[in-house]
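**Q** Model the following, please.
(one chain, ligands or ions: 1)
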Amino acid sequence: MHMNRRRLFMKKTMRFGALLFAVVLILQTINISTVLAYGAEEGISSTLARHNIPWAFVVYASPDFRAEIKGSFNAQSVSLIKTNDDGWALISTYSGNWWVYLIENIRFLHQNTAVYESRGGRPVEFLAPQTVRILAQEGNWLQVSTWLGSRWIYWHTAEHQPGRHLIPWRFITYLEPDSRAKKQETLLPQTVDVVQIRDDGWALIKTPRGDRWIYWRENMRYVEKTVSLYDSVGGNPSGEIGPEVISIIAQDGDWLQISTRFGPRWIHLPTTQQPGERRIALTFDDGPSIYTKRLLDELASRGVSATFFVLGQHVIANPEAARRIVEEGHEIASHSYSHPNFTNMNAAGIRSELNRTNDAILQATGTTPALLRTPYGSYNSTVLSVAAEFGFPLIMWSVDTRDWESRNVSAVMSHFADRNYVKIKDGDIILLHDIYSTTIDAAIRAVDLLLAEGFTFVTVSELLGVRYGTLTPGKVYTR
Ligand code: NI
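**A** Below you'll find the predicted structure:
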């Protein structure tokens, strides 16, 4: 089954399904009425009833959602002064006695929150921080009553238990549970011993240098370098952030919608690499050809992604294959229109080759390429400056199978492995050509071998995106 990035994301979110089930059980066992029976008539003294509110909440000046909000609190035990039959309770806080709504189908949104018309898809609106009433829950999706009517939000929970946990992104450690405290180490994705978890998202973990606090919410990421902010997916940059911890509102492939001080914005952040994971990129040049369809079928049945450096003239000849490349989650990239040696050409000639290729790809697939591999991998200063004009980084390779020369399955395979010794390394970009039947046979055999060895196949943009962040136009990358 082909696994595109969105499906991978869904897979990740499903891991939290079991935790949510536990949360629902906990919520059901809270019997508020028995707690409320105490205290109301006793007056305000040492006899105040204690009541645990297991979610973040806001307090109001009067028992009315339209009343002024007097403060917001993390989940905690509170002192009840008075309770009403309708779910409102007067509680004692350090800033005075205020009203809180104690019914469990209420959540307080601490940040701008994306609102969806159905579960998934693109957000249609945003809710400013506010209290919402929950109508239904399915997995991490909550149906809430909003001023727009009934809508869905994605609820990011951190309802974990102490124990061994994988933190699947880079994270910062602190000596105190406070993001204004001095930052200690920045750690790679890893499994840690979580000693204590607080309802506000801070967790105490064991590290080789001692106990540290981390902010542990599944919607938090550490952005390790400065990245551009966008108003929409693929739009024009409108500012930048980082390095810092960001809070994620929504995700669309590699694009994350985050909460910023300017309001919700998008950033492009390729997925992080797991510790010990070996990620490689298969690249197929000079197609699409009559053999590409079989290659796509075999890749799809193995859930493997690749990158196709296509020739514009071959896209025009095989538009269906080009369309499938994009639709099936592979990356389509430019390899010129007619495969001339760019170093023998002037800037105008190179521009024409690149423009015609972009047009052909756009026509066939609805997208334009982000990467360029020049024919024969040749370039000079003119080629680099024209590539920069087009916004193309130049992508070369770290493994050359010379499949065009041998046209022999065993000879191509020998570049992947010798007997039982695998020659491919983490980060390799492997050069192949999907214009030879022998290459398709060899590629599939190599994929099966490397899958068995635990390699992950990613597109060139994913591979280099994790390694370098944003790629620089006009710069050459080989791995
Ligand atoms: Ni070529």
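**Q** Provide the count of other residues in contact range of residue 464.
**A** Counted by other CB atoms under 10 Å, the residues lying close to residue 464 total 22. (C-beta placed from N, C-alpha, C; glycine too.)
**Q** What residues does it make contact with?
**A** Counting by CB atoms under 8 Å, 6 or more residues apart in numbering, residue 464 touches 393, 395, 471, 477.
**Q** Turn those residues into JSON lines, including distance to the ion.
**A** Putting the contacts of residue 464 into JSON lines (distance: CB to the ion, whole Å) gives the following:
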{"residue": "393", "distance to the ion": "17"}
{"residue": "395", "distance to the ion": "12"}
{"residue": "471", "distance to the ion": "20"}
{"residue": "477", "distance to the ion": "17"}
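**Q** ok, residue 178 - how many residues close by?
**A** 11.
**Q** hmm, back to that, and which of the contacts of residue 464 is nearest residue 458?
**A** Of all the contacts of residue 464, residue 458 sits closest to residue 395, with 13.4 Å by CB to CB.
**Q** Count the residues that sit near the closest one.
**A** Taking other CB under 10 Å as the definition, residue 395 ends up with a neighbour count of 28.
**Q** who touches it in this structure?
**A** Counted by CB under 8 Å, 6+ apart, residue 395 has contacts 283, 309, 333, 371-373, 429, 460, 464, 477.
**Q** Check residue 52 too.
**A** 30, 75-78.
**Q** beta partners of it?
**A** residue 77 (DSSP bridges).
**Q** filter the contacts of residue 52 to the buried ones?
**A** The neighbour count (16 or more other CB atoms under 10 Å) marks residue 78 as buried among the contacts of residue 52.
**Q** any chance of the contacts of residue 52 in a markdown table, with pLDDT and distance to the ion too?
**A** Formatted as a markdown table, those follow (pLDDT from 0 to 100; distance: CB to the ion, whole Å):
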| residue | pLDDT | distance to the ion |
| --- | --- | --- |
| 30 | 36 | 65 |
| 75 | 71 | 59 |
| 76 | 78 | 64 |
| 77 | 83 | 68 |
| 78 | 87 | 69 |
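**Q** what number of residues lie near residue 100?
**A** Neighbours of residue 100 (other CB under 10 Å): 24.
**Q** That one should be in a helix, yeah?
**A** No: the assignment for residue 100, made by DSSP: H, G, I helix; E, B strand; the rest coil, is strand rather than a helix.
**Q** pretty sure it is touching residue 76, no?
**A** No: look at residue 100 against residue 76 with CB atoms under 8 Å: they stay out of range, at 11.1 Å.
**Q** picking up where we left off before, closest to residue 203 among the contacts of residue 395?
**A** For the contacts of residue 395, the nearest to residue 203 is residue 464 (32.2 Å; CB to CB).
**Q** and after whichever strand or helix holds that closest one, which helix or strand comes next?
**A** Per DSSP states H and E, residue 464 falls inside helix 460-468. Using DSSP H and E, the helix or strand that follows helix 460-468 in sequence is strand 476-477.
**Q** contacting residues around that next one?
**A** 379, 384, 393-396, 429, 464, 468, 471.
**Q** and what of stretch 283-299?
**A** Stretch 283-299 has contacts (CB under 8 Å, 6+ apart) with 2, 305-311, 314-315, 317-318, 320-322, 324-325, 328, 330, 335, 339, 373, 395, 397, 429-437, 439-440, 443-444, 447, 460.
**Q** please redo it, this time with the cut-off set to 7 Å
**A** By CB atoms under 7 Å, 6 or more residues apart in numbering, the surrounding residues in contact with stretch 283-299 are 306-311, 314-315, 318, 321-322, 324-325, 328, 335, 339, 373, 397, 429-435, 437, 440, 443-444, 460.
**Q** Just the ones of these in strands?
**A** 307-310, 429-433 (DSSP state E).
**Q** can you list the domains in the chain?
**A** Per the record, the chain has its domains at 32-103, 110-154, 163-218, 222-268, 278-477, by automatic domain parsing.
**Q** Pick the most deeply packed of those.
**A** domain 278-477 (a mean of 19; mean count of other CB atoms under 10 Å).
**Q** measure it end to end?
**A** 18 Å (CA to CA, to the nearest Å).
**Q** for stretch 335-352, same thing?
**A** Its start and end residues considered, stretch 335-352 measures 13 Å (CA to CA).
**Q** Just want the residue of the stretch 301-450 of the chain that's nearest the ion.
**A** The minimum distance from the stretch 301-450 of the chain to the ion, using CB to the ion, falls at residue 375 (5.0 Å).
**Q** Just give the closest residue to that residue, not the sequence neighbours.
**A** Nearest residue to residue 375, sequence neighbours excluded (CB to CB, 6 or more residues apart in numbering): residue 339, at 4.5 Å.
**Q** thinking that neighbour is in contact with residue 374, fair?
**A** No: with contact defined as CB atoms under 7 Å, residue 339 does not count as touching residue 374 (9.7 Å).
**Q** ok, back up a step: wait, isn't the residue of the stretch 301-450 of the chain closest to the ion in contact with residue 337?
**A** No: Residue 375 lies out of contact with residue 337 (CB under 7 Å); the separation is 9.8 Å.
**Q** Give the phi and psi angles for the residue nearest to residue 375, as a check.
**A** Here is the backbone geometry of residue 339 (degrees, to the nearest 10): phi 60, psi 40.
**Q** What are the neighbouring residues in contact with it?
**A** Counting by CB under 7 Å, 6+ apart, residue 339 makes contact with 286, 311, 375.
**Q** from what I can see, residue 384 looks like it's in a strand, true?
**A** No: Residue 384 is assigned helix when assessed by three-state DSSP, not a strand.
**Q** Identify the residues contacting it.
**A** Contacts for residue 384 (CB under 7 Å, 6+ apart) come out as 394, 474.
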